[in-house]
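A.B. asks: quick one, structure for this:
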Amino acid sequence: MSWLLDTDVICQPIKNHGNPAVIEWLEQEQTDCFTSTVVIAQIAFWIRTKEGLQRERLRQWLADSVEALEGRILSFNTATAHVWAEQKHLLEKAGKPMPVEDSYLAATARRHNLTIVTGNDGDFRRPGLKVFNPFKELTGT
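C.D. replies: Okay, the predicted model is just below:
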């Protein structure tokens, strides 16, 4: 199985109190993990809210992470845009719209047949999406 990492999961190793079970899972599954340019943008924004040494440490971590994920950072391209448009149409018609950033991630997962790995599983539990919440499913909480 291949995974699409959401921001809250990919950031666990850099957090002061990152979830050990999630970090171990990331290490075990790293070759099957992908992320999105949308997630990279969210992290880059988050880093800009920090200052000093913390900001520099986070910048270096992001640079290292991008390098480690080379070839596995998926863009929101034309093909994904068409998946997103169809998804948005169907979800709105069903009365189950998604926040725009989440919907971009969901369309990327659909386009590439990936399981979304997120702690915000409620935001992604929609028909046609595969979701894995490691915070709940690995730790039983």
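
A.B. asks: gap between the residue nearest to residue 33 when sequence neighbours are not counted and residue 97?
C.D. replies: Using Cβ to Cβ, 6 or more residues apart in numbering and skipping residues adjacent in sequence, the residue nearest residue 33 is residue 3, 4.9 Å away. C-beta coordinates here come from the backbone N, C-alpha and C atoms, glycine included. Separation of residue 3 from residue 97 (Cβ to Cβ, to the nearest Å): 25 Å.

A.B. asks: so which of these two has more stuff around it?
C.D. replies: residue 3 (23 against 13; other Cβ atoms under 10 Å).

A.B. asks: for that one, which residues are in contact?
C.D. replies: 29, 32-34, 114-117, 132 (Cβ atoms under 8 Å, 6 or more residues apart in numbering).

A.B. asks: filter the residues you listed down to the buried ones, ChimeraX style.
C.D. replies: Buried residues within the contacts of residue 3, by 16 or more other Cβ atoms under 10 Å, are selected in ChimeraX with:
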select :33,34,114,116,117,132
